[in-house]
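Asks: Predicted model and sequence below, questions to follow.
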Amino acid sequence: MKSTLEEQQAFVTVVDSGSITGAAERLGITVSGVSRALNRLEQKLGATLLRRTTRRLELTEEGETFLNHCRRILAAVEEAEEAMLDRHNQPQGRLRINAAPSFMQFVIVPVIGEFRARYPGITLELDTHDRFVDLLEQRVDLAIRIGKLEDSSLHARLLGYSPLRLLASPAYLKRHGAPQSIDDFQDHSLLGFSQLDHLNRWPLCHADGQPLHITPTLAASSGSTLIELAMAGEGIVCLADFMTITPRHNGTLVDVLPDCTEMQTQAVNAVYYRQTTLSQRTRLFMEFLAEQLPEKYLIA
């Protein structure tokens, strides 16, 4: 007896979510329904696909092999369905996008209305994390990654670059004075990241040529919080331009040491798994970002 697409989907979802309960939530069916689908699948194949323990599920060797086939089959079915929709120019379905909270807030959210107007049949789910997430485990179709890419399993499309600059509020600089060199920072409040320490490397160099790596006087876990602190006059901050367009334009934040600041940028990439067939929905959103972002938020 042949397995069904529903049984294969249940199996893949259990693996991706890490539990039968998680798979049931994602699929919108009962836990017992997922469990029965797995049992039927294993009976039909005459093989154990998952070892079930009290703490977790582990793929068997047969499960690993069958999982790869299932992914290809389900991707091919989705691609075929989308091809039919594409013939009628009606892209539809769910599209889950992952990005850092600050990029989602300051870049994606402002342009999302135009995308929805163009493609009303696409249902968007906007997911934010300060740290990189597993795209398969979180069911992410497309993620925006800022900075150096290290995961070789990801395919990337470069959207542009965002320069870094030092900023502070006019009120802060009026109270404490504007620093004239790096040495003056010892008398200032420096705002930095509490968890992503590599973001505390600022685009300045000491007299000996060594790059400046600050120890924050006041630290926060997100760029959004640091912007609010800087605008409230709590200190000097270093952030990517895409986050600070509005406060720079309205004068809420002004440049600090602009003549000493080196031109350093953060690459912004749209990424997805190499093994994943690029859906029409994903392609359309990626092309939309490539169209919108260099014009408004990034440099080429």
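Replies: That came through fine. Residues are numbered from 1 along each chain as shown.

Asks: tell me the helices in the stretch 201-300 of the chain, going along the chain?
Replies: Along the stretch 201-300 of the chain, the stretches classed as helices by DSSP state H, counting those that start in this stretch are 223-231, 245-249, 280-296.

Asks: As JSON lines, the ones you listed with mean pLDDT would be great.
Replies: Converted to JSON lines, the helices of the stretch 201-300 of the chain look like this (pLDDT from 0 to 100):
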{"stretch": "helix 223-231", "mean pLDDT": "95"}
{"stretch": "helix 245-249", "mean pLDDT": "95"}
{"stretch": "helix 280-296", "mean pLDDT": "90"}
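
Asks: Would you mind saying which of these lies nearest T217?
Replies: helix 223-231 (10.5 Å; Cβ to Cβ). C-betas here are computed from N, CA, C, even on glycine.

Asks: which of the residues in that closest one are buried?
Replies: G223, S224, T225, L226, I227, L229, A230, M231 (16 or more other Cβ atoms under 10 Å).

Asks: got a list of what the last one touches?
Replies: For M231, the contacting residues are S169, P247, T252, L253, by Cβ atoms under 8 Å, 6 or more residues apart in numbering.

Asks: Show the average pLDDT along the helix or strand hosting G33.
Replies: Using DSSP states H and E, the element containing G33 is helix 31-45. The average pLDDT for helix 31-45 rounds to 91.

Asks: What is that helix packed up against?
Replies: Here helix 31-45 touches helix 5-17, helix 20-27, going by 3 or more Cβ pairs under 8 Å, 6 or more residues apart in numbering; DSSP states H and E.

Asks: and those helices, which is most packed in?
Replies: Most buried of those, by mean neighbour count (mean count of other Cβ atoms under 10 Å): helix 5-17, with a mean of 20.

Asks: got the angle for that one vs helix 20-27?
Replies: 120 degrees (axes from the mean of the first three to the mean of the last three Cα atoms, to 10 degrees).

Asks: what's the model's confidence in helix 5-17, averaged?
Replies: 89.

Asks: Which helix or strand lies directly C-terminal to the helix holding G33?
Replies: Taking DSSP H and E, what comes next after helix 31-45 is strand 50-52.

Asks: Can you give the contact residues for that next one?
Replies: F11, V14, V15, L38, L57, E58, L59, T60, G63.

Asks: E58: which element?
Replies: With DSSP H and E as criterion, E58 is part of strand 57-59.

Asks: centre of the chain versus that strand, how much separation?
Replies: Here strand 57-59 is found 27 Å from its chain centre; the criterion is Cα atoms, centre = their mean, to the nearest Å.

Asks: Over to stretch 4-22?
Replies: Between the mean C-alpha position of stretch 4-22 and that of its chain there is a distance of 24 Å (Cα atoms, centre = their mean).

Asks: Repeat that for stretch 139-149.
Replies: The answer for stretch 139-149 is 4 Å, by Cα atoms, centre = their mean.

Asks: So for that stretch, what gets flagged as buried?
Replies: R139, V140, D141, L142, A143, I144, R145, I146, G147.

Asks: Would you confirm that the fifth one belongs to a strand?
Replies: Yes - counting by DSSP: H, G, I helix; E, B strand; the rest coil, A143 is part of a strand.

Asks: Would you check that it makes contact with T282?
Replies: No - the criterion here is Cβ atoms under 8 Å, and A143 misses it with T282 at 10.5 Å.

Asks: gap between S162 and E287?
Replies: Distance of S162 to E287, given as Cβ to Cβ, to the nearest Å: 20 Å.

Asks: higher neighbour count, those two?
Replies: The residue with more neighbours, out of S162 and E287, is S162; 24 against 12, by other Cβ atoms under 10 Å.

Asks: Give me the distance between F11 and C70.
Replies: For F11 relative to C70 (Cβ to Cβ), the value is 6 Å.
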